[in-house]
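J.: Pasting a predicted model and its sequence here:
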Amino acid sequence: MKTDTPVTIRRGDYAPPAYLVDEVALEFRLDPAATLVRARLALRRNPAAAPDAPLRLDGEGLQLVEARLDGAVLPPDRCRIGEDGALTLLDPPAAGVLETLVRIAPESNTALSGLYTSGGNYYTQCEAEGFRRITFFPDRPDVMSRYEVTITADRTLCPVLLSNGNPAGSGLGDGNTHWARWVDPHPKPSYLFALVAGDLVNVADRFTTRSGREVALNIWVRRGDEDRCGHAMDSLKRSMAWDEQVFGLEYDLDVFNIAAVSDFNMGAMENKGLNVFNTKYVLASPESATDGDWQGIETVVAHEYFHNWTGNRVTCRDWFQLSLKEGLTVFRDQEFSADMGSRAVKRIRDVRGLRAAQFPEDAGPMAHPVRPDSYIEIDNFYTPTVYQKGAEVVRLIHTRIGPAAFRRGMDLYIARNDNQAVTIEDFVAAMQEASGIDLSAFMGWYDQAGTPELAAEDRYDPEARRYTLTLRQSTPPTPGQPAKRPLPIPVAMGLLGPDGAALPTRLAGENAAQSGTRTLLLEAAEQSFTFEDVPAPPVPSLLRSFSAPVRLQGVPREQLRFLAVHDSDPFVRWESGQQYAASVMLEMVAAAQRGEAPGFDPALAEAVANTLAAAEADPAFAAEALSLPGEGFLADQMAVADPVAIHRVRQGLRAEIGRRCGPALRAAYGSLAETGPYRIDGRSIGRRALRNACLGYLVAAGDAALAKAQFDAATNMTDSLAALSLLADAATPAREEALAAFHARWRGDALVLDKWFSIQAMADRPDAIEAMRQLYAHPDFDLRNPNRARALIGAFAAGNPAHFHAESGEGYRFLADAVIALDPINGSIAARLIGPLGQWRRQAPSRGALMRRELQRVLDTPNLSKGTFEKASKALL
Ligand code: PHE
Ligand code: ZN
């Protein structure tokens with residue numbers, strides 16, 4: 001049986017809303033099975049819309065109790081609820097007050113969109129289209145309204161009643177109820193509405209803005225979690241100060257509330273004045289959170305806070321403009337984190353992340369521009385492309401016009417668009433006007449999908465002391481975009497002499513001397529740059545700080561080795577080491593595929609030894625340099641991926657390095673041992689990362705006992721988990737012992753239990769699939785909890801390529817079974833998890849066929865959600 005094909009929404013079809021809503025008054029009477037929502041909307045016809053456009057309010061699963069227009073009950077023949085759940089008012093007036101009363105059941109809302117319960121408390125999630133599951137409303141971001149919200153609930157069950165804006169009264173109601181009122185003075189789109197109610201406790205603090213406004217800060221958590229909010233609160237205060245200093249942006253309400261919830265589809269949500277966070281990005285203690293978790297909290301708290309201006313005060317006209325707020329806000333949180341710690345290491349991590357998730361997306365069936373042209377389910381477009389590539393595009397503009405003009409551009413963007421719902425053109429226009437630089441070609445970065453490939457060719461003329469660098473770009477086709485045009489690519493670069501020193505970089509026609517890093521702008525498919533007075537044949541250092549999200553290809557190995565040691569730019573040093581290792585490893589994979597012994601390049605062991613010798617200066621950087629390119633990164637560079645061979649080669653190489661560099665690794669491991677109390681400053685984090693990188697090689701070379709010793713002695717989660725994840729791959733009785741001990745200690749802590757599931761899901765074991773089925777049936781596994789579902793299913797499909805891609809196809813079958821089971825519960829998470837099956841084109845035909853079969857099985861499931869339908873059907877095209 002076939003359900004109706006869901007409709008495709010197109011960017012070109014945008015039309016302004018027929019009606020605007022200036023004011024909204026909402027009254028909630030909370031009850032898990034039957035919550036009542038009364039909404040009073042002050043509506044008026046939009047002068048910008050067609051005069052006869054119908055009055056249609058989105059709605060989904062709402063039970064209408066009554067509707068009134070200007071106080072009079074509307075007869076059923078004047079308001080109709082359609083198949084899609086929307087309410088249409090026939091014969092609508094030009095203006096009026098529409099009042100609706102609806103009933104909803106938050107306890108049976110497993111999709112976690114709209115109003116739902118978690119652990120007996122109430123939470124909302126409205127982005128992108130959840131508000132229509134709460135009340136009838138034009139649920140689109142270009143309808144901005146002022147909200148007054150009154151919440152009534154049982155005093156004992158729900159002592160805390162929160163919504164957006166500032167508190168505006170509270171009192172006792174009938175029976176055992178009480179109420180609270182909130183008024184948000186700032187107009188906002190419905191996706192930023194929030195309500196949180198229940199038995200929560202707060203950690204309180206204050207912040208004084210630079211103009212002297214006192215802001216009350218609160219983090220709301222379940223009783224018992226209060227002592228794990230310190231880092232989130234500290235991150236919040238630092239974010240508030242940073243946005244004032246760097247962008248001149250101050251907070252604009254009397255209170256800023258964060259509520260943490262353990263059932264949440266995403267990381268966190270920037271609702272005005274009431275952010276709702278996944279507990280994963282709030283709660284941390286040294287015993288229970290890794291260094292990565294601490295950094296994740298800092299980033300996400302900052303990200304959501306920064307949305308207050310980039311997203312909330314200036315919002316998106318429609319969902320195609322999503323990157324207007326997300327790309328810009330990711331750029332801002334990246335800059336914040338860079339300022340808080342090591343800029344170079346932050347850049348390396350961000351680029352690693354971009355390559356791990358966004359490059360494959362750009363090369364797969366869901367490839368889409370930063371500003372998509374169409375979608376079926378907007379939830380599917382909260383992607384690495386919209387977020388991370390979107391941030392890279394903002395960074396391109398930043399690089400092109402420089403920091404001072406960028407700051408002026410931000411001022412102009414906000415001044416001009418405050419309290420409006422705007423487009424990406426409005427952002428680029430502000431940057432263009434503030435800088436006086438024509439940025440029209442940069443729009444191509446928003447509208448063209450795919451990752452450009454960049455290649456360089458050079459020539460040195462010793463007589464003329466002239467050096468010519470030719471750069472070429474091309475972008476492979478993506479679905480729906482067969483032909484690509486050249487994009488403006490800023491290439492930050494320098495020239496190195498034979499001894500590694502910087503050479504002058506004066507271009508022909510320039511008068512002033514130039515040295516150090518300069519940025520060339522490649523605008524055409526091919527362009528040559530001629531440098532004068534170059535005293536010796538140089539080695540070019542290209543794409544410093546990763547100045548554009550492109551694939552730089554074909555740098556000769558000798559140059560990579562040279563740059564890895566000598567370049568002044570830490571990113572290029574790291575990058576060159578990675579590219580060198582990747583090229584060696586790909587050769588080893590090819591040898592393994594031919595059935596030959598892979599061989600060993602002693603330069604890799606030398607590089608490890610050199611890194612260790614210099615590690616003291618910057619341990620975090622050394623840890624990055626020591627990590628071999630990931631399996632996904634290698635697969636991404638093969639015409640036909642071979643995940644099993646890649647895994648075997650990488651493991652074998654780790655073992656070989658561990659053996660050859662054993663003494664140096666052991667010495668470093670010993671000297672990096674922590675003395676004194678646990679600290680989480682950048683240096684301490686770097687030392688732990690480096691030490692655990694050393695441990696990885698030593699265990700790969702056979703010393704599982706070292707991991708067990710670290711696991712037993714660990715006093716922080718970083719060291720404990722690093723050891724456990726290595727043990728999880730080892731065939732030793734210590735493995736089961738450690739896993740059991742970890743479970744026994746942490747069974748009461750959901751976030752740590754997630755890690756226990758993930759580690760096993762990513763383990764390299766002969767019985768991996770059987771282990772997955774057992775974990776899926778484990779009493780602590782809960783498909784309904786998104787964190788838990790991701791921890792097991794997502795970690796396996798994305799983090800265990802060798803077993804997910806098992807020849808038998810059982811890994812694929814496991815994933816499809818899980819997606820089919822999850823789809824009716826939470827279609828949004830199901831659609832996310834199915835992603836890895838879409839990569840079938842990159843696999844050998846035998847694997848590809850098995851993957852397609854599972855995609856088809858998902859697609860044949862009756863009543864599939866729109867989102868899962870979109871992902872599965874596009875993957876099969
Ligand atoms: N807007 C949120 C963010 O980027 C992400 C999100 C999207 C959360 C949709 C929930 C639902 O910060
Ligand atoms: Zn965001």
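T.: Okay, I see it. Ligands and ions are numbered 1, 2, ... in the order given.

J.: contacts and neighbour counts: CA atoms only from here.
T.: Noted.

J.: give me every residue that touches A700.
T.: Applying C-alpha atoms under 8 Å, 6 or more residues apart in numbering to A700 gives the contacts Q651, R654, A655, G658.

J.: buried subset of those?
T.: Neighbour counting by 16 or more other C-alpha atoms under 10 Å classes R654, A655, G658 among the contacts of A700 as buried.

J.: Now for the second one: which residues touch it?
T.: Contacts here follow C-alpha under 8 Å, 6+ apart; on that basis A655 touches Y697, L698, V699, A700, A701, G702.

J.: Distance of the last one relative to ligand 1?
T.: Counting by C-alpha to the nearest ligand atom, to the nearest Å, the gap from G702 to ligand 1 is 42 Å.

J.: And the pLDDT at that residue?
T.: With respect to pLDDT, G702 scores 97.

J.: okay, now it: neighbour count?
T.: 13 (other C-alpha atoms under 10 Å).

J.: Name the helix or strand for it, please.
T.: Element membership for G702, per DSSP states H and E: none, as it lies in no helix or strand.

J.: And the closest residue to it other than its chain neighbours, what's its pLDDT?
T.: Nearest residue to G702 in three dimensions, chain neighbours excluded: A655, at 7.5 Å (C-alpha to C-alpha, 6 or more residues apart in numbering). Looking at A655, its pLDDT is 98.

J.: so what's A763 up against?
T.: Neighbouring residues of A763 by C-alpha under 8 Å, 6+ apart: S725, A728, D729, N800.

J.: what separates the closest residue to the last one other than its chain neighbours from ligand 1, distance-wise?
T.: Take N800 and drop its neighbours on the chain: the residue closest to it by C-alpha to C-alpha, 6+ apart is M762, 4.7 Å away. If you measure M762 against ligand 1 using C-alpha to the nearest ligand atom, the figure is 26 Å.

J.: Help me confirm that M762 comes into contact with G799.
T.: Yes. M762 lies in contact with G799 (C-alpha atoms under 8 Å); the separation is 5.5 Å.

J.: higher neighbour count, these two?
T.: M762 (27 against 18).

J.: Next, count neighbours for G212.
T.: Neighbourhood size, G212 [other C-alpha under 10 Å]: 8.

J.: Got the phi and psi for it?
T.: Main-chain dihedrals, G212, degrees, to the nearest 10: phi 100, psi 10.

J.: Contacts only, for it.
T.: No contacts exist for G212 under C-alpha under 8 Å, 6+ apart.

J.: T88 - that's part of a strand, no?
T.: Yes. When DSSP: H, G, I helix; E, B strand; the rest coil is applied, T88 is found to be in a strand.

J.: From ligand 1, how far off is it?
T.: Shown here: T88 relative to ligand 1, a distance of 27 Å by C-alpha to the nearest ligand atom.

J.: ok, the residue lying closest to that residue once chain neighbours are set aside to ligand 1 distance?
T.: With sequence-adjacent residues excluded and distances taken as C-alpha to C-alpha, 6+ apart, T88 is closest to R56, at 4.4 Å. As judged by C-alpha to the nearest ligand atom, R56 and ligand 1 stand 24 Å apart.

J.: if I pick R56, what's in contact with it?
T.: A86, L87, T88, L89, P138.

J.: could the residues you listed go into JSON lines alongside neighbour count?
T.: Shown next, in JSON lines, are these (neighbours: other C-alpha atoms under 10 Å):
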{"residue": "A86", "neighbour count": "19"}
{"residue": "L87", "neighbour count": "22"}
{"residue": "T88", "neighbour count": "18"}
{"residue": "L89", "neighbour count": "19"}
{"residue": "P138", "neighbour count": "25"}
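
J.: from those, which is closest to G838?
T.: Ranked by distance to G838 (C-alpha to C-alpha), the contacts of R56 are led by A86 at 32.9 Å.

J.: residues touching that closest one, list them.
T.: A86 makes contact with R56, L57, D58, G59, E60, F136, according to C-alpha under 8 Å, 6+ apart.

J.: For whichever residue of the stretch 51-200 of the chain sits closest to ligand 1, the count of nearby residues, please.
T.: Proximity of the stretch 51-200 of the chain to ligand 1 (C-alpha to the nearest ligand atom) peaks at E127, 4.7 Å away. Burial of E127 is recorded as 23 neighbouring residues (other C-alpha under 10 Å).

J.: I'd assumed P189 was in contact with it.
T.: No. Using C-alpha under 8 Å, E127 is not in contact with P189; the gap is 9.8 Å.

J.: what packs against the helix or strand in which E854 is found?
T.: Assigned by DSSP H and E, E854 belongs to helix 845-859. With contacts taken as 3 or more C-alpha pairs under 8 Å, 6 or more residues apart in numbering; DSSP states H and E, helix 845-859 sits against helix 810-822, helix 866-876.
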